[in-house]
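> got a predicted structure here, sequence first:
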Amino acid sequence: MPHLWNGVPSVLGETDITPNPGAGMGCQPGYRPKKFAEKETVKKGGLIKMALDRKIALINLSTNEIEIKPIPMEVRKKYLGGRGLDAYLLFNHTKKRIDPIGPENTLIISGGILTATCASATARTHVMAKSPLTGLLGSTNMGGFFAPELAWAGFHHLVIKGRAKNPVYLFVQNGEIEIRDATNLWGKTTTDTQWYIREELGDDEVKSCVIGPAGENLVRFANVMTGIKNSGGRTGMGCVMGSKNLKAVAARGTMDIHLAHPQEAFEYNKRFIDQITSAKVNQTQGILGTPFIWGATNCWGGVRTRNFQYNQLEYADDVEPERFDEIATETIGPYHMTACFGCQIHCRAQYKIPSGPYAGKYDEGPEYTSQGAFASEPGCRSAETVLAGNHLVDQFGMDNLETGSIISWAMELYEEGILTGKETDGLDLCFGNDKALLEMVERICYRKGWLGDTLADGGIPAAEKIGKDAFDYLIQVKGMNNLHSDERATPALALNIATASRGSDHLRSRPAIDLYHLPEEVLRKIYSSPMPYDGPLSSEHTSYDGKAWMVYWQENCYMAVDCLGICKYHTLFLGATLPNFEDWPKVIYYNTGLELTPKEIWTIAERGNMIERMFNLREGLTRNDLRKGDTLNHRYFDEPCRRGAPDVIGMSIDRKKFDEMIDEFYTFKGLTKNGRPKAETLKRLNLEKEPSHLL
Amino acid sequence: MEPAGKVLMIDHEKCTGCRLCELVCAVKHDGVSNPMRSRIRVMKWEQEGLYIPMSCQQCQDAPCMNGCPVNAISHNETLNRIEVDYDICIGCRTCVSVCPFGAMNFNTIDRKVIKCDLCDGDPQCVRFCDIKAVDYVDAGDVSIMKKKEAAHRLSAANKKAAALQTTM
């Protein structure tokens, strides 16, 4: 007899649930759920009951109009939620070539379809708009606790248009949305804003995503932030919020989310968590956080240093992960890791700055990007600088990655004589000058001085303003600076950053396991499901064979994850054993009742990626455009790696092979040689009628 | 496993603040995702990174039990827990107001008081908490563990003091 839970018959036979006895330390051997709640609950909630009943709200800040609508099942089945549906909404709700910081830009804040259900780490908030940094797709994703709170408040997507006359913030609570005055919050740091909102609303459980001074000052790479350091950093979504006079979106929800099959969802979640926490890479993340990746990559020679002049930071003892672990242990205690909603990886460290002008300040992190931005890229070697820089960008609400990269670029220009003391207002902007680095962070945030104001506009506009051959030194794709990793020895990773939809980015399609040299049969097992693939695959990271397929596969995998609203550490990103397409149908079905096969999820992901591409094409993406295309800075091809392991040193990307790889990638995606979708691809993905304005 | 004599032991230093315990508690008891329904709640001071899970202490001389005007709350000897008899409970929330830990909750959707029932001897918050900030141990062992930790701190301090003396 199948289990009964709230009168809902189980979809599984008795044997299908195999709880993993003894997997977690506290798990008793032979565990069986003894008693689950009997018929009791469903009394309130009305129309907003299940996860898929969460609504969409269209908010116009110019006219103060708010419209709340259900999300039709037809749209759900095409885009699921999260990033996929965001992309659809953005494509439908913006006109061609609008001003990204004008009122006509549309900002979308959302959770995925699994957000706040009984699935592991459904903490991710997705934010989308046309990017003021790149002029193409603006899209960013952050952890924390905001999206679940939004879902408990009854919403999955907020579509924000127009521009408020005065600073405002939105308060979303149990099915209702209020536009509130934020004049007294303007100018406040990201954390202060959140505490003030809580005080004003008299509720400590309110979760908000906010902007800091950088967003207000329209720094083109300003963050949206929630909590102490959860940042939606890339592509300047904070700048869009600032341009709309929107200081924050606060949420508080106590509405039930009923699960389609709670008991199965519950047990499957346990199995999922065991699978995720058993991966060694996640266990290490749980101790050292993302700095461990920086440490590992740096010793191998894959970390961009001194604005791409080198690929390794030498004598880096003070900024190694172990050093940050030591500082966190000294200032917080032996248990200093913290987590996003429902996540058992807990990859985020807590710390207090041990010394210097910011001594005693509490913050979280640092992450890989902070080490890149405040150590390897500007050539600094001090833990204190990394921690202080990390603290500053968190408080100001600006993207640490972009900030560090752009300052390092200015440093190289200064050393090359393209920038002089006149432009820097006397600041000695040399590599390794920690003081100047931190000073520049503040100047950019408040647009102080000529250089601060120039750099705050982002790389390409700054390069045009500086003139000479400043642009040649800018390590960017589609106008966004690259992650502080060096891809010259890894063609797969180079292809990933060149073709990522939001500009140079590792979280869109990076086949990170390419570096593990897994046996070919293992790779084949992973990459030939759910779509059959019998082309070449290579375990060698320096090879160009089959890498286009790996990137294509990962692109769809990450899109699916972003539609579900879960973290990338919970899928095949850093660990080869982590869940992917084959594991998701059950999670989706148990939690939401939506029946999908792995192949259908793949198609949905393909569709999401294609509509992102259609948006980019509409905004001017062309294949070989250095400013808006799928290509890399000349240094990737012309300057070989100067440091690192024997399989790294001397490596650079082969232009011809790289072009062939892009051709291959386009073929998999169903694009023409110019990177435009073929008619049959659009037909296959049901996209020929876009924009279709279903929502 | 014999559950009698076991208690929920919370180590707030270990807590990462992820609130998975709240989620699984609500889903286990009500089949619904909503932390408001959870018997265990993580209190947070995010400014300092302090997270403290709060749940019923299953007191020996429980104020909720003593305060209940209709004697709906009783001590269950076998499971070592305080439990509410909903057939008797009138929903006056006296227990909520007298609990020194705020561990007696009021569910505003079902309009009834809820408290930790230790999942009948197999607490799911413990099962899901990977770092074991919430653990289920013999009541007698709690003080032993605390003793050991304190002793360790003392010995570390002694060693440091000794080292200081030798260098002086």
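Alright, I've got the coordinates.

> which stretches in chain B count as helices?
Assigned helices in chain B, in chain order: B:20-30, B:63-67, B:94-98, B:124-128, B:139-167 (criterion: DSSP state H).

> quick one: closest of these to residue A:122.
helix B:20-30 (9.3 Å; Cβ to Cβ). For the C-beta atoms, the positions are set from N, CA and C on the backbone; glycine is no exception.

> mind saving the C-alpha coords of that closest one as CSV?
Provided in CSV are the C-alpha atoms of helix B:20-30 (Å, rounded to 0.1, in the frame of the first residue of the first chain):
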residue,chain,number,x,y,z
LEU,B,20,16.9,23.7,6.7
CYS,B,21,15.7,22.5,10.1
GLU,B,22,12.8,24.9,9.9
LEU,B,23,11.9,23.6,6.4
VAL,B,24,12.1,19.9,7.2
CYS,B,25,10.2,20.4,10.5
ALA,B,26,7.3,22.1,8.6
VAL,B,27,7.3,19.5,5.8
LYS,B,28,7.5,16.6,8.2
HIS,B,29,4.7,17.7,10.4
ASP,B,30,2.3,19.5,8.0
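
> between the helices of chain B, which has the poorest mean confidence score?
Of all those, mean pLDDT reaches its minimum on helix B:139-167 (a mean of 86).

> could you say what helices and strands that one packs with?
strand B:6-10 (3 or more Cβ pairs under 8 Å, 6 or more residues apart in numbering or on different chains; DSSP states H and E).

> quick one, the strand it packs on and helix B:139-167 angle?
With axes from the mean of the first three to the mean of the last three Cα atoms, to 10 degrees as the basis, strand B:6-10 and helix B:139-167 are set at 40 degrees to each other.

> residues making contact with strand B:6-10?
Residues external to strand B:6-10 that are found in contact with it (Cβ atoms under 8 Å, 6 or more residues apart in numbering or on different chains): B:52-58, B:80, B:116, B:118, B:121, B:123, B:125-126, B:133-139, B:142, B:145.

> at 6 Å what do you get?
For strand B:6-10, the surrounding residues in contact (Cβ atoms under 6 Å, 6 or more residues apart in numbering or on different chains) are B:53, B:55, B:134, B:135, B:136, B:137, B:138, B:139, B:142.

> need the helices of chain B in a markdown table with mean neighbour count and distance to residue A:534, can you?
Shown next, in a markdown table, are those (neighbours: other Cβ atoms under 10 Å in any protein chain shown; distance: least, Cβ to Cβ, whole Å):
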| stretch | mean neighbour count | distance to residue A:534 |
| --- | --- | --- |
| helix B:20-30 | 26 | 41 |
| helix B:63-67 | 18 | 66 |
| helix B:94-98 | 18 | 64 |
| helix B:124-128 | 25 | 41 |
| helix B:139-167 | 10 | 57 |
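
> nearest to residue A:265, of those?
For residue A:265, the closest of the helices of chain B is helix B:20-30, at 7.2 Å, according to Cβ to Cβ.

> the closest one near chain A anywhere?
Yes. On the criterion Cβ under 6 Å from any Cβ of the partner chain, helix B:20-30 is in touch with chain A at B:20, B:23, B:27, B:29, B:30.

> got a list of contacts for that helix?
Helix B:20-30 is contacted from outside by A:37, A:41, A:118, A:262, A:266, A:342, B:32-35, B:37-40, B:124-125, B:128-129, B:134, using Cβ under 6 Å, 6+ apart.

> give me the most central residue, the chain.
Since no chain was named, I'll use chain A. The centroid of chain A falls nearest to residue A:141 when counting by Cα atoms, centre = their mean (3.6 Å).

> you answered for a different chain; I wanted chain B.
Judging by Cα atoms, centre = their mean, chain B has its centre closest to residue B:55, at 3.1 Å.

> with adjacent residues omitted, what lies nearest to that residue?
Spatial nearest neighbour of residue B:55, excluding adjacent residues (Cβ to Cβ, 6 or more residues apart in numbering or on different chains): residue B:40 at 4.1 Å.

> from memory that neighbour sits against residue B:125, does it?
Yes. Counting by Cβ atoms under 6 Å, residue B:125 is a contact partner of residue B:40 at 5.2 Å.

> other SSEs contacting the lengthiest helix in chain A?
Looking across chain A with DSSP H, the single longest helix is helix A:598-618. Where contact means 3 or more Cβ pairs under 6 Å, 6 or more residues apart in numbering or on different chains; DSSP states H and E, helix A:598-618 is packed against helix A:82-93, strand A:137-142, helix A:547-564.

> show me what secondary structure element comes after it.
helix A:635-638 (DSSP states H and E).

> avg pLDDT for that next one?
Averaged across helix A:635-638, pLDDT comes to 94.

> same question for stretch A:234-245.
The average pLDDT for stretch A:234-245 rounds to 95.

> who touches that stretch?
Counting by Cβ under 6 Å, 6+ apart, residues outside stretch A:234-245 touching it are A:61, A:101, A:105, A:107, A:127, A:129, A:131-133, A:138, A:140, A:163-164, A:167, A:211, A:215-216, A:218, A:220-224, A:397, A:502.
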